[in-house]
Structures are given as structure tokens and as C-alpha cells.
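Student: only geometry, no sequence info:
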């Protein structure tokens with residue numbers, strides 16, 4: 001059958017077999033080199049195509065073979081998978097923690113018995129559902145590689161429909177709202193707020209989550225004489241060094257604090273303190289109609305792009321330019337950008 005849905009006929013059975021073999025080689029080239037098959041193997045394949053042109057019975061056979069093999073419980077495979085991810089995680093523990101949470105939703109059944117109906121995505125936002133499905137797909141494909149599941153067939157996770165995520169414009173702050181935040185932020189969180197708003201640093205690059213091996217930004221990374229901040233690979237989320245120029249507002253806020261201990265406090269700004277008070281983001285959010293997650297970094301990118309363009313801003317923020325064009329094209333003006341970076345004037 002051609003791509004347009006019309007059947008292709010050949011004058012003899014031999015020619016039809018040759019055509020089938022040709023298309024099979026085109027489809028599978030790169031996975032199995034069919035030119036290396038023995039004559040006996042070719043004859044078997046021809047018989048299979050004659051008996052079952054759709055080759056559906058091959059998938060059924062693979063499933064049957066998997067059920068004959070030693071049984072592997074999902075819980076056991078998940079533990080192996082997470083242990084491997086933990087060994088290879090680098091400096092960030094968040095990815096492993098998130099995987100553990102997502103995989104914890106998989107029922108503890110024998111792997112080859114799990115079907116799409118056994119995998120229920122959580123009743124959450126589409127992006128969360130998409131992330132959970134992606135974690136399941138990654139795990140089930142790993143199980144295939146480990147031969148805990150049969151090769152050749154779609155895994156149960158891949159048979160689940162992919163949630164549709166509508167990309168929205170990231171929330172930002174106005175210059176007036178930033179002024180309120182700067183006037184009310186607690187002293188120990190001022191460097192984090194200023195670096196996020198005026199240099200686009202991610203929170204975890206300044207204040208890593210507890211348990212993380214990430215090396216946070218240090219005063220030595222700020223080069224006052226050159227007016228730049230160098231984000232080391234071991235600090236950056238992307239593991240790539242980047243250089244960010246400092247605007248006058250950032251210099252005026254940070255320089256009086258230089259060398260006074262760690263740049264960021266021990267406690268993550270969105271975590272409540274141990275003595276019962278609310279988190280810093282909750283406290284500040286109450287002054288501006290609620291906290292907007294990642295809005296400081298989003299604001300930096302949106303406003304900075306009006307002054308130097310998206311390409312350069314993307315390099316400073318550690319994003320790809322294509323991602324920036326998809327996410328930050330929200331029609332702010334150059335005057336808006338100048339107002340943001342001149343908020344202290």
C-alpha cells in the first residue's frame with residue numbers, strides 16, 4: 001500500500017515478495033541490516049509476511065515471550081531505575097526526586113502485565129500530566145533496554161494519549177511592583193531578588209534546595225572591575241558557563257553587601273522557616289496580589305530583550321533563542337525595559 005492509501009500490485013508473487021522485502025529493508029535500515037540475513041531467515045520472513053501482512057502476530061509473539069520470561073515487579077524495576085539515575089544525576093537531586101514521585105503512581109504489578117488502562121494520569125494541570133507521562137515513557141523504555149519488557153512493541157506508557165499543553169506567556173512584574181518588592185524584601189533575601197530581577201539568575205543558582213550538590217553563586221563570581229557576573233558550569237542549571245553584564249541598579253544593590261558571607265541564605269525563599277513564619281515569597285506576594293512563580297526571571301528576559309534583543313538575552317539567561325522566541329514575545333516596549341532596569345532612579 002502506498003502512502004496515499006492505494007494498493008500496489010505486481011504481476012507475479014515473486015515480484016510482490018521482492019517489493020515487500022525492499023520496503024522492509026527501507027523501514028528497518030539502521031535497526032537491522034537485512035542484507036546480512038541468511039537465506040533461511042529471509043524465507044522465514046517471507047512466510048511471515050504472506051501469513052500476516054500487518055505483522056501484528058509478531059507483537060503478540062513478543063508479548064507472549066515476555067510473559068514466559070522471569071517476572072519483574074514494577075516496584076523492583078523502579079528501584080533499579082532510580083538507583084541508576086541517582087548515580088548519574090550530577091549536582092542536581094531534583095530530577096531524581098521528581099522521577100520518584102511520578103513513578104510512584106505506577107501500580108506494583110508485574111511489568112509485562114501492565115496495560116494502558118492500569119496507568120492513570122493524575123487529575124492535574126496538562127503540563128504536569130505531560131511530565132508524568134514523559135517520566136513513565138522514559139522508565140518503560142529503560143525496561144525494554146533491560147529486557148524486562150519485549151522489544152518492538154509500544155510500551156503501555158506510550159499508548160497513553162499525550163496531554164495537550166497550551167503555551168502561555170510567562171507572568172512578569174511591572175516596574176512599580178518590583179519597586180515594592182525591593183522595598184520590602186528581608187535583608188538576607190535581597191541579593192536573590194536583585195540577581196533574579198536584574199541578571200535573570202534562577203533561584204537554585206543562588207539558593208540551592210536543601211540536599212543539592214549544586215555550587216551556588218559566590219562573591220568571587222562577581223567581577224566588579226569588569227562589571228560582569230560569571231556563572232560557573234557547576235552553578236548553572238544547563239551546566240554551561242555564561243557571562244552576564246551588571247546593570248547600575250544591580251551594582252548599587254549588591255556592592256554594599258559584597259563579602260558578607262554567602263550570597264543567598266540557607267533557606268529557599270519559597271520554604272516556610274522552621275519557627276513557623278511564612279516563606280519569603282508568600283510574604284512578599286501578599287503585597288502585590290500574590291506571588292508569581294519564576295516571574296522575576298521571566299521579567300528580566302522580557303525587559304532585557306527590548307534593549308539588547310532576544311539572541312543576546314537568551315545567552316545571558318541560559319536559554320535557547322528559539323525557546324525565548326516562543327515564550328517571551330509579549331510585546332513589551334524599550335521604554336518598559338528602561339523603566340525596569342532604572343527602577344531605582
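Tutor: Thanks, I have the structure now. Computed from a predicted model, the values in this text were never measured in an experiment. Numbers count the residues shown, from 1 in each chain.
Student: quick check: mean pLDDT across stretch 101-121?
Tutor: Stretch 101-121 shows a mean pLDDT of 93.
Student: Buried ones in it, by neighbour count?
Tutor: Within stretch 101-121, the residues that count as buried by 16 or more other C-beta atoms under 10 Å are 102, 103, 106, 111, 112, 114, 119, 121. From N, CA and C alone the C-beta is placed, and that goes for glycine too.
Student: Next: stretch 46-58.
Tutor: Neighbour-count burial for stretch 46-58 [16+ other C-beta under 10 Å]: 46, 49.
Student: Also stretch 128-144?
Tutor: Buried residues in stretch 128-144, defined by neighbour count with 16+ other C-beta under 10 Å: 129-133, 135-140, 142-144.
Student: cool, stretch 249-264 as well?
Tutor: Using 16+ other C-beta under 10 Å as the test for burial, stretch 249-264 gives 249, 250, 253, 254, 263, 264.
Student: Can you measure across that stretch, start residue to end residue?
Tutor: Distance across stretch 249-264, first residue to last, is 18 Å (C-alpha to C-alpha, to the nearest Å).
Student: burial count for residue 195?
Tutor: Residues lying near residue 195 (other C-beta atoms under 10 Å) number 29.
Student: Report the secondary structure state of the closest residue to it other than its chain neighbours.
Tutor: The shortest distance from residue 195 to any non-neighbouring residue, by C-beta to C-beta, 6 or more residues apart in numbering, is to residue 201 (4.4 Å). At residue 201 the chain is in coil, as set by DSSP: H, G, I helix; E, B strand; the rest coil.
Student: try residue 229
Tutor: Put simply, residue 229 is strand when judged by three-state DSSP.
Student: count of neighbours near the nearest residue to it once chain neighbours are set aside?
Tutor: In space, residue 229 comes closest to residue 244 once its chain neighbours are excluded; the distance is 4.6 Å by C-beta to C-beta, 6+ apart. Close neighbours of residue 244, defined as other C-beta under 10 Å, add up to 24.
Student: Residue 38 too?
Tutor: Neighbour count of residue 38, defined by other C-beta under 10 Å: 8.
Student: quick one, phi psi at it?
Tutor: For residue 38, the backbone dihedrals (degrees, to the nearest 10) come out as phi -80, psi 160.
Student: how close does it get to residue 44?
Tutor: The gap separating residue 38 from residue 44 is 9 Å, by C-beta to C-beta, to the nearest Å.
Student: Also residue 207?
Tutor: In this view, residue 207 and residue 44 are 62 Å apart by C-beta to C-beta.
Student: Check which residues of stretch 221-233 are buried.
Tutor: Neighbour-count burial for stretch 221-233 flags 221, 222, 229, 231, 232 (criterion: 16+ other C-beta under 10 Å).
Student: Please render the buried residues of stretch 249-264 as CSV that adds distance to residue 335 to the earlier fields.
Tutor: Listed next are the buried residues of stretch 249-264 as CSV, based on distance: C-beta to C-beta, whole Å:
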residue, distance to residue 335
249, 16
250, 20
253, 22
254, 26
263, 31
264, 32
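Student: closest to residue 344 among the residues you listed?
Tutor: Nearest to residue 344 among the buried residues of stretch 249-264: residue 249, at 4.8 Å, using C-beta to C-beta.
Student: Name the nearest residue to residue 224, sequence neighbours excluded.
Tutor: Leaving out its chain neighbours, the residue that sits closest to residue 224 by C-beta to C-beta, 6+ apart is residue 255, at 6.8 Å.
Student: Would you agree that neighbour is in contact with residue 227?
Tutor: No: judged on C-beta atoms under 8 Å, residue 255 makes no contact with residue 227 at a distance of 11.1 Å.
Student: For residue 222, give the beta-bridge partners.
Tutor: Taking DSSP bridges as the rule, residue 222 bridges to residue 229.
Student: Tell me which residues touch it, please.
Tutor: Residue 222 is in contact with 229, 246, 254, 258, counting by C-beta atoms under 8 Å, 6 or more residues apart in numbering.
Student: Give me the lowest-pLDDT entry from those.
Tutor: Ranked by pLDDT, those bottom out at residue 258 (88).
Student: how far away is that one from residue 174?
Tutor: Using C-beta to C-beta, we find residue 258 at a distance of 29 Å from residue 174.
Student: Likewise for residue 338?
Tutor: Residue 338 sits 14 Å away from residue 174, going by C-beta to C-beta.
Student: which residues of the stretch 1-150 of the chain fall in helices?
Tutor: Applying DSSP state H, counting those that start in this stretch to the stretch 1-150 of the chain gives helices spanning 13-28, 39-51, 56-68, 74-87, 94-103, 126-145.
Student: and the ones you listed as a markdown table, adding distance to residue 237?
Tutor: Shown next, in a markdown table, are these (distance: least, C-beta to C-beta, whole Å):
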| stretch | distance to residue 237 |
| --- | --- |
| helix 13-28 | 39 |
| helix 39-51 | 48 |
| helix 56-68 | 38 |
| helix 74-87 | 17 |
| helix 94-103 | 10 |
| helix 126-145 | 16 |
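Student: which stretch in those helices is the model least sure about?
Tutor: Lowest mean pLDDT within the helices of the stretch 1-150 of the chain: helix 13-28, at a mean of 56.
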